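Novice: Got a sequence here, can you model it:
(2 chains)
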2 protein chains.
Amino acid sequence: MASSLLSHQMRYTVQRSLGLFVPRYRCVSKTATKSSLDFEYNGPSMKTEVPGPRSRQLMKQLNVIQNTDAIHFFCNYEDSRGNYLVDVDGNIMLDIYTQIASIPLGYNHPALFKVMQNPQNLSTFINRPALGILPPEHLPEEIERSLLSIAPRNLRKVQTMACGSCSNENAYKSIFIWYRNKERGNSKPSKKELDTCMINQEPGCPVYSILSFMGGFHGRTFGCLATTHSKSIHKLDIPSLDWPIAPFPKLKYPLEEYTRENAQEEARCLEEVEDLIVKYRKKGKNVAGIVIEPIQSEGGDNHASADFFKKLREIARKHGAAFQVDEVQTGGGSTGKFWAHEHWGMDDAADVVSFSKKMLTGGYFHKDELTPDGPYRIFNTWMGDPSKNLLLSEVLNIIKTEKLLDEVQKSGKALLNGLYDLQLRFPHIVSAARGVGTFCAIDAKNEQMRNTLIEKARSKGVVLGGCGERSIRFRPALVFKEHHAHLFLNIFNDILAELK
Amino acid sequence: MASSLLSHQMRYTVQRSLGLFVPRYRCVSKTATKSSLDFEYNGPSMKTEVPGPRSRQLMKQLNVIQNTDAIHFFCNYEDSRGNYLVDVDGNIMLDIYTQIASIPLGYNHPALFKVMQNPQNLSTFINRPALGILPPEHLPEEIERSLLSIAPRNLRKVQTMACGSCSNENAYKSIFIWYRNKERGNSKPSKKELDTCMINQEPGCPVYSILSFMGGFHGRTFGCLATTHSKSIHKLDIPSLDWPIAPFPKLKYPLEEYTRENAQEEARCLEEVEDLIVKYRKKGKNVAGIVIEPIQSEGGDNHASADFFKKLREIARKHGAAFQVDEVQTGGGSTGKFWAHEHWGMDDAADVVSFSKKMLTGGYFHKDELTPDGPYRIFNTWMGDPSKNLLLSEVLNIIKTEKLLDEVQKSGKALLNGLYDLQLRFPHIVSAARGVGTFCAIDAKNEQMRNTLIEKARSKGVVLGGCGERSIRFRPALVFKEHHAHLFLNIFNDILAELK
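Specialist: Okay, here's the model as predicted:
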């Protein structure tokens, strides 16, 4: 996956070994090149601490209604522009977290405003249909224009859903239905199956399982949560299912410096996957599917090689399990390709690919054979939201016309090269810079330092997010340009220098 | 619940016993009084069979992308108005199903158009925030103005979610967290709990349960589905959890003619609930919560008395279980009160009330003590959608200014009285008319007849939905007036007369 970054990494390794390294970043922030988006701000501008007085006042007000412990600050979305998020105290911040990686084109993109201002579109926003029974006339055409235009290779079926969790829940259901149909020889279910399923019992509700990975995150509803293993606070106190959990490779970065060790680690994990499939089959808990992220995101931006995923996909095929790639966070272009799994270079990478976040609508692509075998098997009231499809169409249009994937590759290189520089200069604070496109991360020496770095960045006008135990993840919008990367790197350099 | 209908039912019972019944409906359809909504159509107008040629063409097109077996026909939402749904073949139909009970004010309500045309609102539609960490400035005020203005008594906390299933999933999680905190004496979780939860094991993932009812429907994601027991096709092939399932009272209608038998049936069910709670506690699968619909909707519009719900609520309290009322389908005004459980006349009816559908946003109200005890315990990327809150605010405004709950009571009376008439005249075809407000249903003699009636109604320009084994459910929008009820009853009368 990280092969395209090899040359840069090598350059820095060489620089380091030859003692050629020269700091590239000024220690003065806030004077970045003007954005190519005319309507964007010139740079961060901080008026108060964050959260400021107005944010704190609103927190008190909201705290009467719900738990507000996770709230960072309150936002003025009307005044936010492009890569800049404005808060209610008038602070303007460069946003490299983008609502947990869910804003594709930055804030208030003019093209999306136009969609909203077109009178022909308004009906779609105020008449939300039950898509599964009474779809709008333009649905097939809309899906063809939008989702099918970026369908992963070999997956020509797609089902929309309202969010990431619902997408994975229903993807798992599709997998179980497909697997069970195979097992019963595609014959009709027995009366006993129809009766027992009503009371949650076998054989109607089989005790099949989905195999997932330690460190993985697939959502927080009950089915998803049984496959999520990133933080205990997500899972504590919630009943779960006895489904197999395999180790995800713990690789050393930079990947190309540790090829042999990393290959061994990946082989160990793959072996465990096969062992678990056999073990769970013996327990009568057949593995119907395997679910994995191309880059474990919530779990700490953990990468694995294309070779690992190819072999894993083969193991799934060998054991008759469906292979689901969860691209809820990685999908939508931020790795420089539309789907992160494209970096594996496979013709038949997955049976199911789920998405949400930057796609604006949730959903999943799947193989023909995973199409439900009858009506109402995969079903709910809304089955997605055509108003989100409409916005997605325009987002995809902008991605193509503005060549944003190329831009992501450029700004991603600038970002990652800068992170490599910084970890060479501040090795006692940050390490393990890694990434594909702008989907980058760096580790702090510990959790406390990570949180300090995020806080200091915010006070200097940069919004960052954490992941895993001690990682900072970079999740800019697709309109994040090279000059935004340099602007951030200058600020981050200042912060690291101050801590030195 | 059905007490407000007593006088009418008695009138018809008396009429029947005195032989005074006179048919009230003409056998000529399509000449209803003009709608009070000026922009509405005058009545149904059918040009083709349904699905017509354009719908069938679109089905073929969509079938390449996904399973279309459940699709009734394709719609022209732009041309739909008020209670009238227009299809792609130009047929205009009176809609008494409203996208599975999810359209509050009919189609293209002018007030909602105004919301969309207000430039100040557009930003909310194109900048979807991660509400749990970066809420917009107006969120507290918006929630106060909208959701809190219709909060069930005693429930002043509310959490929005994207759909009904996510609402119930997260409500269950809140219940488990609350219950587990009680059990551990509100002390901090042990290291063993934090470790075991990561691998889906006890004690971190306790084997607690939610008690649900046969015939209940609470959604179709894994947690919800373990409490859903309405149709086998919803559950077949999907792994589940061993959670207790109690019988829901099978009452005889009209309720006031069978008070003694119905009370016995309810007592039997309540006894079984207590037995199950004790049995599951002995199994080590403590019942942390009970979930129930005020009227079982998908399961066949099954009613129970206020007395039943009062006693059930007491049982939950006695055994330390949370009591959740699922108002996803019943909430939002169609019973003539905003929440169906208000008909029980209780001060402290529930610990949790979940909603979605006509509320446009999903979510759940809850008691203070069910507020999560820390950040990120109840969390996902979007945590709802402020653009739906915005539309909901206007819907609630219209409900109040146009006194739509009063209108629902009036049109509901007209509808139910008409159904009473029809079942007296066609007792070999329909029976068990029942309902509160416009939330009404009637049974056909069998499933085939029910489906025939729905099909024939559609061919005459009325969209109806089924539920349970052989029921027709009526789910008009809140703008359904008396004259719409009469218009429908005329058409239904024609259909029944033709079948006679």
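Novice: for chain B, what are the nearby residues on the stretch 301-450 of chain A?
Specialist: The stretch 301-450 of chain A comes close to chain B at residues A:356-357, A:360, A:371-372, A:374-382, A:387, A:391, as judged by CB under 8 Å from any CB of the partner chain. C-betas here are computed from N, CA, C, even on glycine.
Novice: hmm, which two among the residues you listed are most spread apart?
Specialist: A:Gly374 and A:Leu391 (31.7 Å; CB to CB).
Novice: Which one (most neighbours) among the residues of the stretch 301-450 of chain A next to chain B?
Specialist: The most neighbours of any of those, using other CB atoms under 10 Å in any protein chain shown, belong to A:Ser356, which has 32 neighbours.
Novice: hey, where'd the strands end up in chain A?
Specialist: For chain A, the strands defined by DSSP state E occupy A:84-86, A:92-95, A:157-161, A:209-213, A:245-246, A:287-292, A:322-326, A:352-355, A:362-366, A:430-436, A:439-444, A:462-463, A:465-467, A:471-474.
Novice: Identify the single longest helix in chain A, thanks.
Specialist: If you go by DSSP state H, chain A has its longest helix at helix A:259-282.
Novice: Which elements pack onto that helix?
Specialist: strand A:209-213, strand A:245-246, strand A:287-292, helix A:306-318 (3 or more CB pairs under 8 Å, 6 or more residues apart in numbering or on different chains; DSSP states H and E).
Novice: Run through the neighbouring helices and strands of the last one.
Specialist: With contacts defined as 3+ CB pairs under 8 Å, 6+ apart, the secondary structure elements packing on helix A:306-318 are helix A:259-282, strand A:287-292, strand A:322-326.
Novice: tell me the average confidence for it?
Specialist: When pLDDT is averaged over helix A:306-318, the result is 98.
Novice: What is the nearest of the residues of the stretch 301-450 of chain A next to chain B to chain B?
Specialist: Using CB to the nearest CB, A:Pro375 comes nearest to chain B of these, at 3.5 Å.
Novice: Distance-wise, check the residue located most distally from the centre of chain A relative to chain B.
Specialist: In chain A, counting by CA atoms, centre = their mean, A:Lys191 sits farthest out from the average C-alpha position, at 41.8 Å. Here A:Lys191 is placed at a distance of 10 Å from chain B (CB to the nearest CB, to the nearest Å).
Novice: Mind pulling up the pLDDT for that residue?
Specialist: 98.
Novice: Same question for A:Thr13.
Specialist: 37.
Novice: Go through the helices and strands packed on helix A:259-282 and name the closest to B:Gly289.
Specialist: Of the helices and strands packed on helix A:259-282, nearest to B:Gly289 by CB to CB is strand A:209-213, at 25.5 Å.
Novice: right, is that closest one up against chain B?
Specialist: Yes: interface with chain B: strand A:209-213 contributes A:Ser209 (CB under 8 Å from any CB).
Novice: picking that back up, format the helices and strands packed on helix A:259-282 as CSV; extra columns: mean neighbour count.
Specialist: Listed next are those as CSV, based on neighbours: other CB atoms under 10 Å in any protein chain shown:
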stretch, mean neighbour count
strand A:209-213, 26
strand A:245-246, 22
strand A:287-292, 26
helix A:306-318, 17
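Novice: Export those as TSV, with columns for distance to B:Lys250.
Specialist: Below are the helices and strands packed on helix A:259-282 laid out as TSV (distance: least, CB to CB, whole Å):
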stretch	distance to B:Lys250
strand A:209-213	36
strand A:245-246	43
strand A:287-292	36
helix A:306-318	46
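Novice: Quick one, which of the ones you listed gets closest to B:Lys285.
Specialist: Of the helices and strands packed on helix A:259-282, nearest to B:Lys285 by CB to CB is strand A:209-213, at 20.0 Å.
Novice: now for the closest one, which elements pack on it?
Specialist: Short answer (3+ CB pairs under 8 Å, 6+ apart): strand A:209-213 packs on strand A:245-246, helix A:259-282, strand A:287-292.
Novice: and it, which strands flank it?
Specialist: Partner strands and pairing direction for strand A:209-213 (DSSP bridges) are strand A:245-246 (parallel), strand A:287-292 (parallel).
Novice: That one to helix A:259-282, inter-axis angle?
Specialist: Calculated by axes from the mean of the first three to the mean of the last three CA atoms, to 10 degrees, strand A:209-213 forms an angle of 160 degrees with helix A:259-282.
Novice: chain center to strand A:209-213, what's the gap?
Specialist: 19 Å (CA atoms, centre = their mean, to the nearest Å).
Novice: quick one, that strand and strand A:322-326 angle?
Specialist: 40 degrees.
Novice: Output strand A:209-213 as PDB, nothing but the C-alphas.
Specialist: The C-alpha trace of strand A:209-213 is given here as PDB (Å, rounded to 0.1, in the frame of the first residue of the first chain):
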ATOM      1  CA  SER A 209     -19.900 -15.600  12.800                       C
ATOM      2  CA  ILE A 210     -17.900 -12.800  11.200                       C
ATOM      3  CA  LEU A 211     -14.200 -12.800  11.700                       C
ATOM      4  CA  SER A 212     -12.700  -9.400  12.600                       C
ATOM      5  CA  PHE A 213      -9.300  -8.100  13.700                       C
END
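Novice: looking at the helices and strands packed on helix A:306-318, which is buried most?
Specialist: strand A:322-326 (a mean of 27; mean count of other CB atoms under 10 Å in any protein chain shown).
Novice: ok, and what's touching that one?
Specialist: A:152, A:168, A:171-172, A:175, A:178-179, A:210, A:216, A:218, A:288-294, A:312-313, A:316-317, A:339, A:341, A:349-354, A:364, A:370 (CB atoms under 8 Å, 6 or more residues apart in numbering or on different chains).
Novice: do the same with stretch A:56-66
Specialist: A:51, A:68, A:71, A:74, A:88, B:135, B:137, B:139-141, B:143-144, B:148, B:156-159, B:371.
Novice: And those, which of them are buried?
Specialist: A:51, A:68, A:71, A:74, A:88, B:135, B:137, B:139-140, B:143, B:148, B:157-159, B:371 (16 or more other CB atoms under 10 Å in any protein chain shown).
Novice: who are the neighbours in contact with the residue most central in space within chain A?
Specialist: Closest residue to the average C-alpha location of chain A: A:Gln329 at 0.9 Å, with CA atoms, centre = their mean. A:Gln329 is in contact with A:Ala101, A:Phe217, A:Glu293, A:Ile295, A:Ser297, A:Glu298, A:Lys357, A:Arg475, counting by CB under 8 Å, 6+ apart.
Novice: any low-confidence regions in chain A?
Specialist: Scanning chain A for pLDDT under 70 picks out A:1-38.
Novice: again, only using 90
Specialist: A:1-39, A:186, A:500 (pLDDT under 90).
Novice: From B:Gly43, how far off is the closest residue to A:Pro247 other than its chain neighbours?
Specialist: For A:Pro247, ignoring the flanking residues on the chain, the nearest one in space by CB to CB, 6 or more residues apart in numbering or on different chains is A:Cys269 at 4.9 Å. Look at A:Cys269 and B:Gly43: by CB to CB, to the nearest Å, they are 66 Å apart.
Novice: which residues in the stretch 51-200 of chain A form helices?
Specialist: A:53-63, A:98-101, A:110-117, A:119-126, A:139-145, A:164-183, A:191-197 (DSSP state H, counting those that start in this stretch).
Novice: So for B:Glu261, which of the ones you listed sits nearest?
Specialist: Taking these one by one with CB to CB, helix A:191-197 is closest: 26.8 Å.
Novice: what about that closest one, distance to the chain center?
Specialist: 38 Å.
Novice: A:Ala288: what's it in contact with?
Specialist: A:Ile175, A:Phe176, A:Trp178, A:Tyr179, A:Arg180, A:Tyr208, A:Ser209, A:Ile210, A:Ala321, A:Ala322.
Novice: Could you check how far the closest residue to the fourth one other than its chain neighbours is from A:Pro244?
Specialist: Pointing back at A:Tyr179 there. Using CB to CB, 6+ apart and skipping the chain neighbours, the partner closest in space to A:Tyr179 is A:Ala288 (3.7 Å). Using CB to CB, A:Ala288 is found at 11 Å from A:Pro244.
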